[in-house]
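**Q** Predicted model and sequence follow; I will ask about them next.
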Amino acid sequence: MSPIETPDSITITRPDDWHLHLRDGAALADVLPHTARQFARAIVMPNLKPPVTTTAAAAAYRERILAALPQGMSFEPLMTLYLTNNTDPDEIRRAMDSGFIHAVKLYPAGATTNSDAGVTDLRNCYKVLEVMQEVGMPLLLHGEVTDGDIDLFDREAVFIERVMRPLRSAMPVLKVVFEHITTKEAAQYVAEAEGPIAATITAHHLLYNRNEIFKGGIRPHYYCLPVLKREEHRLALVTAATSGDERFFLGTDSAPHAVHTKYAACGCAGCYTALHAMEMYTEAFAQAGALDKLEAFASLNGPAFYDLPVNEGTITLKRESWTLPETLPFGEHQLVPLNAGETINWKMV
Ligand SMILES: NC(=O)N[C@@H](CC(=O)O)C(=O)O
Ligand SMILES: [Zn+2]
Ligand SMILES: [Zn+2]
């Protein structure tokens, strides 16, 4: 068999990141330019400490993001609210009326970074979800159960049965995004389910399987949640992302953590990919011989789901080797990007 031929350059409509962690304060100012260079807009996750639970808090966070944007860069933060057991249904109406809040995020309590304020039982939130369904506010789900008796690698598949199916049969018109899917079960569920549903897929879950975490020793920069899975799951994600199915779109889940919190006895979950996300996605699509499907995944399917216009302008990626920095500034600390010190094959120009 001859190797798959791919062009040396690709130009697509300016993309968006439909799942991003920007953090706050000085750290925000350090990471934001990386995303703004690659993406026109991003769905900004609300898992700050304390979480962004009100329209007023989201408005203030949005102002801090815009104030941190370097002169001459254009970027639109698409804000989200963090759903809690106590979210007031009226808050959803306020959020919808704001025009700058585009979704509400559900973190099962204890599932991931800063999810302590998350929902303990979705039945606590049915009034809120009914209002979301009525006004057309999307619900974004970190789709893992947190029960200690469920194997870490099975938490997403079990979530589909225990949470996703009951939720969607109770709220069939609610717009749902199954965030950062990592399994063939999730890809299949999203491809086949009825009603308004979509999924984001990260670049690292398209490129790597769980072996990457343990190559030659424990490699904390490859530890994220949901954790990387077996090769068969990675292949199912690549098939979904490159299928042209509108339900699958780009969400980096770029999640910066200061290096000392990664190199720790109980290290934080999250991969930092904002610096080179489009290069990573391009590599994954090129490996699959599907560069012609990259634009739909990165630039068209997300806006269609969120009822937003497609961006103007284009970006170009060239086949050109460059080496990622070992560290990046991160407020008072340092940050290690995924693939630090490694050479990658594509470069955004
Ligand atoms: N993905 C991660 O591993 N971490 C995210 C949280 C999340 O998206 O679950 C973070 O905020 O650090
Ligand atoms: Zn998550
Ligand atoms: Zn995330």
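**A** Looks like it arrived, so ask away. Ligands and ions are numbered 1, 2, ... in the order given.
**Q** okay, how far is it across stretch 148-159, tip to tip?
**A** 13 Å (CA to CA, to the nearest Å).
**Q** Also stretch 39-46?
**A** Terminal residues of stretch 39-46 are spaced 19 Å apart (CA to CA).
**Q** how about that stretch against ligand 2, any contact?
**A** No: Stretch 39-46 is not in contact with ligand 2 by CB under 5 Å from the ion; minimum separation 7.7 Å. In this view, the C-beta of every residue, glycine as well, is placed from N, C-alpha and C.
**Q** what number of residues lie near residue 11?
**A** Counted with other CB atoms under 10 Å, the neighbours of residue 11 add up to 11.
**Q** The residue of the stretch 1-150 of the chain found nearest ligand 2: neighbouring residues, count only.
**A** Ligand 2 sits closest to residue 142 of the stretch 1-150 of the chain, with a gap of 3.6 Å, by CB to the ion. Per other CB under 10 Å, the neighbour tally for residue 142 reads 25.
**Q** just the residues of the stretch 51-200 of the chain that are near ligand 2, which are they?
**A** 112, 142.
**Q** rerun that using 8 Å as the cut-off
**A** 107, 111, 112, 113, 142, 144, 179, 180 (CB under 8 Å from the ion).
**Q** Pretty sure the last one sits against residue 251.
**A** Yes: distance between residue 180 and residue 251: 6.3 Å, which falls inside the contact criterion (CB atoms under 8 Å).
**Q** Spit out the residues that contact the two alike.
**A** 19, 200, 201, 202 (CB atoms under 8 Å, 6 or more residues apart in numbering).
**Q** okay, among the residues you listed, which ones form the most distant pair?
**A** Using CB to CB, the shared contacts of residue 180 and residue 251 span at most 9.3 Å, a distance reached by 19 and 201.
**Q** Stretch 199-209 vs ligand 1: in contact?
**A** No: contact between stretch 199-209 and ligand 1 is absent, the nearest approach being 8.2 Å (criterion: CB under 6 Å from any ligand atom).
**Q** What is the end-to-end distance of that stretch?
**A** Start-to-end, stretch 199-209 (CA to CA) is 19 Å.
**Q** Residues contacting that stretch, please?
**A** Contacts of stretch 199-209 (CB under 8 Å, 6+ apart): 18-19, 177-182, 186-187, 190, 222, 224, 228-231, 233-234, 237-238, 240-241, 247-253, 271, 273, 277, 280-281, 283-284, 338.
**Q** Let's see that with 7 Å instead.
**A** Residues from elsewhere that reach stretch 199-209 (CB atoms under 7 Å, 6 or more residues apart in numbering): 18-19, 177-182, 186, 190, 222, 224, 228-231, 234, 237-238, 240-241, 247-253, 271, 273, 277, 280-281, 283-284, 338.
**Q** same check, this time on stretch 85-99
**A** For stretch 85-99, contacts defined as CB under 7 Å, 6+ apart pick out 53-55, 59, 81, 101, 104, 119-120, 124-125, 127-128, 131-132, 135, 137.
**Q** can you tell me the average pLDDT over it?
**A** Averaged over stretch 85-99, pLDDT sits at 97.
**Q** and that stretch, which residues are buried?
**A** Of all the residues in stretch 85-99, those buried under the rule 16 or more other CB atoms under 10 Å are 87, 91, 92, 93, 95, 96, 98.
**Q** Just put those in JSON lines and tack on distance to residue 209 and secondary structure.
**A** Shown next, in JSON lines, are those (distance: CB to CB, whole Å; DSSP: H, G, I helix; E, B strand; the rest coil):
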{"residue": "87", "distance to residue 209": "36", "secondary structure": "coil"}
{"residue": "91", "distance to residue 209": "40", "secondary structure": "helix"}
{"residue": "92", "distance to residue 209": "38", "secondary structure": "helix"}
{"residue": "93", "distance to residue 209": "43", "secondary structure": "helix"}
{"residue": "95", "distance to residue 209": "38", "secondary structure": "helix"}
{"residue": "96", "distance to residue 209": "40", "secondary structure": "helix"}
{"residue": "98", "distance to residue 209": "40", "secondary structure": "helix"}
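**Q** Strands of the stretch 151-300 of the chain, start to end?
**A** Ranges of strands in the stretch 151-300 of the chain, per DSSP state E, counting those that start in this stretch, are 176-178, 197-201, 248-250.
**Q** Let's have the shared contacts of residue 180 and residue 251 in TSV, adding pLDDT and neighbour count.
**A** Shown next, in TSV, are the shared contacts of residue 180 and residue 251 (pLDDT from 0 to 100; neighbours: other CB atoms under 10 Å):
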residue	pLDDT	neighbour count
19	99	27
200	99	24
201	99	30
202	99	30
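**Q** And these, which is closest to ligand 2?
**A** residue 19 (7.8 Å).
**Q** Distance from the chain centre to stretch 108-117, please.
**A** 16 Å (CA atoms, centre = their mean, to the nearest Å).
**Q** Show me the subset of the contacts of stretch 199-209 that also lies near ligand 1.
**A** Answer for the contacts of stretch 199-209 near ligand 1 (CB under 6 Å from any ligand atom): 224, 253.
**Q** If any of the contacts of stretch 199-209 are buried, give me the ChimeraX selection for them.
**A** If you want just the buried ones from the contacts of stretch 199-209 in ChimeraX, going by 16+ other CB under 10 Å, the selection is:
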select :18,19,177,178,179,180,181,182,186,190,222,224,228,229,234,237,238,240,241,247,248,249,250,251,252,253,271,273,277,280,281,283,284,338
